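# pasting the structure only:
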Ligand SMILES: Nc1ncnc2c1ncn2[C@@H]1O[C@H](COP(=O)(O)OP(=O)(O)OP(=O)(O)O)[C@@H](O)[C@H]1O
Ligand SMILES: [Mg+2]
Ligand SMILES: [Zn+2]
C-alpha cells in the first residue's frame, strides 16, 4: 500500500476537484454568506460579492463544480434581492443578469456535461472515506451519475449504496437532495457525513422554527453539499424552500417505498412523482435493496426517470452464514431449554457482540427479552406497541452498544444501519423469503463474518394464516403462498440456502460451499453446547482476524491474545470518544478498522491513514488518541479526550 500524504496536495488538479473549487474548503469559499438581519448589507458589500462571483465563474466556466457553486451563490443573491432590492444598484443588477445568462447557457437538460478527470471518484473515495477500493457497482453508478444520467441501483443491504450519492455530492458541487424515509435516523446519517467532512444537514418536522430558518439560510448560501429530507416534507414547506435551490442531484434512497409491490410501501413516496421536473430536470438516482423486476420498473416509471442507467448487484452475501432448525425437532430441543435455551447458549457464546432476535409476536418479543435479561444478557425488546420514545431510546442504546441484543418484531426494520451486527436469530419463521432476506441482511453490513440462525415450524405457518390481512383475496392468497414457500425453503435440507434465497430473487448462483449449514453440515447450536459458551470451531468463508483463526500454535496464541487485548483497548477508546461526541461507536471507526489496527499496529499518522476506512478528517479528529494506545502509552482513564467538537 502506498503512503498517502496527510496534507491535500494543493498542486494536484484532482485534489481540487475533490476538495472544492475555491480555496478555504467551503462551497462558497471567500464569498461570505449574508444574514437576513445583517445591518451591513450595503450596496458596496453586494457589489463586491457580485464581483467575486463573476471572477470565480470566469476562472472556471467549464468546471461543473465551479458552475454549480456559482449557481448556488446566484440563488442566494436573488433571495437577498427579494429582501433588500434597494441594496442592488443598476450596475450590480446588470452584472448579476449577465452571470445568470452565462450559467444558463449550456445548462439545459440536454447540455453536455464536462467530463470529470479519470480517477476523480476514486480519489474522492480515498480522500473522504479513506477506502482504497470501490465495492462492486459503486463505480458504475457514480460514473453514470457524474455523466448526468438518471440511474437506478439495486444492491443488497450493506453493499454501500450511500456512497454512490455522497461522492457525486462532493464532485458535482452545488447541493444534492437525499430523499430518505427515515426521519428518526436523519440526525445520525448527517452526523456520519460530518464525521468524514461532508457538509450535510437535514430538514424535517423535528426542527424548531429557529433551526429551520438557520438551515434554510445555510442551504441558500450554498453551505450544504447534502440535504436530507423525507417525502412528506417535500410535499410541504421543505419542497418550496428547496425550489429556490439549484439541485445537482436528487438521490431517492429506499426507493422501493414508492411501489406498492414492494414490502415497505409509503404513500408519501408517491409525492415524488414529478420531482425531476420540479427541480429543473436534475438527474435522479434511485437506490434500493429490493430486488424484484416489478418493483424496479415501478420505481423508474413513478419517478419519471429518463433512460436510466441500471445497476443490479449480486444478492449473494457470502459473509452471512445461514442455518435453520425445525422447532421441536431433536437438534434444537435436544439440549435443555428448547428454542429459548438454544438462543441463550448461542448468545452466551458471543459475549459483547451485537445481535437481533426476531419474534413473531410482541408478547414473545417481550417474553424472550425478559428471559435473556434474567440470564444476564443485555437485551431489550422492540415492537410497534411500545411508545415511540421508548422505541427510539432502545434503538439508540443498541446503536451505541449499551444494549447487545434487540429482541424484536418486524417493526425493527428498515434503516438499521449499525454495521457490526454479528448475528440475526429468527425465533419464529419470517413471512416470506423476501422478508427473511431483508432481516438476515441486517447482519454483517461491514462485510465481516456474521451468523443467521432460523427456527421454523409448521405452527408458524398456521399463525400467519390466522393473522388478519387487509388485502384483497388475491393479496391474501399470495401471502399464503409466500409463507409456504418460506417454509419449504427452510425445511429443504439438501439445497444450498444462499442458492435458494438468491434464486427466489431471480439470480442463479453456484452452491456457496462454505456459508450455510446445508453446504458445510455445521451445527452451530451443538457447537455452542459443546464448547460451553466458548466460540466454537467452525468452518468459515473468511477469516476476520488472526485471533479468530483455528488451531494456533502456542507462540501464535500468545501473539493473538495480545492482539485481542489491543483490540479491546482500541474498542474501549472508541467507546469513550463516541460517548463524548454523542455519536454511535461505529461512526468513530468500524470494527474492521480496529481489527486492522490491532493486527498491523501502525505507529505513525501516515500508517494509520493507509488503513482502509480512515480518511484525513477522521485522522485529524482521532488519530492522536488511537496512536497513543497503539504505541502503548499509558492512557489515563480520567483525562478528558478533546478530539473535535461535539456534534450538536
Ligand atoms: N468501497 C467501500 N469500501 C469499504 N467499505 C465500504 C465501501 N463502501 C461502503 N462501505 C461501508 O459499507 C457499509 C454499508 O454501506 P451503506 O450504508 O451505504 O449500505 P447500503 O447499501 O445503503 O445498505 P442498506 O440497503 O441497508 O441501506 C458502511 O459501513 C460503509 O461505510
Ligand atoms: Mg442505505
Ligand atoms: Zn450453501
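Good, I have the coordinates. It should be emphasised that the depicted structure is a prediction, and the values quoted were computed from it without experimental measurement. Ligands and ions are numbered 1, 2, ... in the order given.
# tell me which strands and helices whichever strand or helix holds residue 75 is in contact with?
Following DSSP states H and E, one finds residue 75 within helix 64-83. Using 3 or more C-beta pairs under 8 Å, 6 or more residues apart in numbering; DSSP states H and E as the contact test, the elements touching helix 64-83 are helix 43-58, helix 90-104, helix 163-172, helix 209-220. C-beta here means a position set from N, CA and C on the backbone, and glycine is covered the same way.
# Contacts made by the third one with the rest, please.
Residues from elsewhere that reach helix 163-172, judged by C-beta atoms under 8 Å, 6 or more residues apart in numbering: 17-18, 64-65, 68, 116, 120-121, 124-125, 128-129, 137-138, 141-142, 145-146, 153, 175-176, 178, 193, 198, 225-226, 248-249, 251, 253, 285, 287.
# what angle separates it from helix 64-83?
Per axes from the mean of the first three to the mean of the last three C-alpha atoms, to 10 degrees, the angle that helix 163-172 makes with helix 64-83 is 80 degrees.
# Next: the last one.
With the same axes, to 10 degrees applied, the angle from helix 209-220 to helix 64-83 works out at 130 degrees.
# what distance separates helix 209-220 from the centre of its chain?
Offset of helix 209-220 from its chain centre (C-alpha atoms, centre = their mean, to the nearest Å): 25 Å.
# Buried residues, it. List them.
Neighbour counts using 16 or more other C-beta atoms under 10 Å place 212, 215, 216, 217, 218, 219, 220 of helix 209-220 among the buried residues.
# just to revisit the earlier point, type out the PyMOL command that picks the buried ones from the contacts of helix 163-172.
Selecting only the buried entries of the contacts of helix 163-172 in PyMOL, with 16+ other C-beta under 10 Å as the criterion:
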select buried, resi 17+18+64+65+68+116+120+121+124+125+128+129+137+138+141+142+145+146+153+175+176+178+193+198+225+226+248+249+251+253+285+287
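# What about the contacts of helix 163-172, which are in helices?
Among the contacts of helix 163-172, the members falling in helices (DSSP state H) are 17-18, 64-65, 68, 120-121, 124, 138, 141-142, 145-146, 193.
# export those residues to a markdown table and tack on distance to residue 394 and pLDDT?
Shown next, in a markdown table, are these (distance: C-beta to C-beta, whole Å; pLDDT from 0 to 100):
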| residue | distance to residue 394 | pLDDT |
| --- | --- | --- |
| 17 | 43 | 46 |
| 18 | 39 | 49 |
| 64 | 44 | 73 |
| 65 | 42 | 75 |
| 68 | 41 | 78 |
| 120 | 42 | 92 |
| 121 | 38 | 94 |
| 124 | 36 | 94 |
| 138 | 32 | 96 |
| 141 | 34 | 97 |
| 142 | 36 | 96 |
| 145 | 36 | 95 |
| 146 | 40 | 94 |
| 193 | 25 | 94 |
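# from those, which is closest to ligand 1?
The closest of those to ligand 1 turns out to be residue 138 (C-beta to the nearest ligand atom; 5.9 Å).
# Quick one: list the elements packing against the longest helix seen in the chain.
Taking DSSP H as the criterion, the chain has its longest helix at helix 554-581. On a contact count with 3+ C-beta pairs under 8 Å, 6+ apart, helix 554-581 meets helix 585-588, helix 591-600, helix 616-630.
# right, and the ones you listed - which one's nearest ligand 3?
When the helices and strands packed on helix 554-581 are compared by C-beta to the ion, helix 591-600 sits nearest ligand 3, at 24.1 Å.
# if we can go back for a sec, could you dump the ones in helices among the contacts of helix 163-172 to a markdown table with distance to ligand 1?
A markdown table is the format used below for the ones in helices among the contacts of helix 163-172 (distance: C-beta to the nearest ligand atom, whole Å):
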| residue | distance to ligand 1 |
| --- | --- |
| 17 | 19 |
| 18 | 16 |
| 64 | 23 |
| 65 | 22 |
| 68 | 23 |
| 120 | 15 |
| 121 | 11 |
| 124 | 11 |
| 138 | 6 |
| 141 | 11 |
| 142 | 11 |
| 145 | 15 |
| 146 | 16 |
| 193 | 11 |
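# residues near residue 88, how many?
For residue 88, the count of nearby residues is 19 (other C-beta atoms under 10 Å).
# Double-check it against residue 95; I have them as touching.
No. Look at residue 88 against residue 95 with C-beta atoms under 8 Å: they stay out of range, at 9.7 Å.
# Point out the most buried one among the helices and strands packed on helix 64-83.
With neighbours taken as mean count of other C-beta atoms under 10 Å, those reach their highest mean count in helix 163-172, at a mean of 26.
# can you pull the buried residues of stretch 77-90?
Residues of stretch 77-90 classed as buried: 77, 79, 80, 81, 87, 88 (neighbour count, 16+ other C-beta under 10 Å).
# An error on my part: the question was meant for stretch 376-394.
377, 378, 379, 380, 381, 382, 383, 386, 391, 394.
# residue ranges for the strands of the stretch 151-300 of the chain, please.
Taking DSSP state E, counting those that start in this stretch as the test, the strands found in the stretch 151-300 of the chain are 151-154, 175-179, 200-203, 226-229, 247-252, 284-288.
# which one of the ones you listed lies closest to ligand 3?
Among these, strand 151-154 comes nearest to ligand 3, with 22.8 Å by C-beta to the ion.
# Packing partners of the closest one?
Taking 3+ C-beta pairs under 8 Å, 6+ apart as the contact cut, strand 151-154 packs with helix 138-146, strand 284-288, helix 293-302, strand 309-312.
# If I average pLDDT within each of these, which one is lowest?
Lowest mean pLDDT of the helices and strands packed on strand 151-154: helix 293-302, a mean of 87.
# Is it possible to get the strands of the stretch 151-300 of the chain out as CSV so that each row also shows distance to ligand 3?
What follows is these, written out as CSV (distance: least, C-beta to the ion, whole Å):
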stretch, distance to ligand 3
strand 151-154, 23
strand 175-179, 36
strand 200-203, 40
strand 226-229, 38
strand 247-252, 34
strand 284-288, 25
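# For those, could you give me CSV that also reports distance to ligand 1?
Formatted as CSV, the strands of the stretch 151-300 of the chain follow (distance: least, C-beta to the nearest ligand atom, whole Å):
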stretch, distance to ligand 1
strand 151-154, 9
strand 175-179, 11
strand 200-203, 14
strand 226-229, 13
strand 247-252, 11
strand 284-288, 7
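# Out of the ones you listed, which is closest to residue 626?
Closest to residue 626 of those is strand 200-203 (C-beta to C-beta; 24.5 Å).
# what pairs with that closest one, and is each one parallel or antiparallel?
Applying DSSP bridges to the sheet, strand 200-203 is found paired with strand 226-229 (parallel).
# and the residue of the stretch 201-350 of the chain found nearest ligand 3, helix, strand or coil?
Closest residue of the stretch 201-350 of the chain to ligand 3, C-beta to the ion: residue 322 (7.3 Å). When classified by DSSP: H, G, I helix; E, B strand; the rest coil, residue 322 comes out as strand.
# ditto for residue 488
Quick answer, by three-state DSSP: residue 488 is helix.
# number of nearby residues for it?
Neighbour count for residue 488, taken as other C-beta under 10 Å: 12.
# Could you do the one 10 residues further on as well?
Burial of residue 498, expressed as a neighbour count using other C-beta under 10 Å, amounts to 25.
# Among the ones in helices among the contacts of helix 163-172, which one sits closest to residue 524?
The nearest member of these to residue 524, counting by C-beta to C-beta, is residue 138 at 32.1 Å.
# Wait, the closest one touches residue 160, no?
Yes. Look at residue 138 against residue 160 with C-beta under 8 Å: they come within range, at 5.7 Å.
# pLDDT weak spots in the stretch 401-550 of the chain?
415, 468-471, 529-550 (pLDDT under 70).
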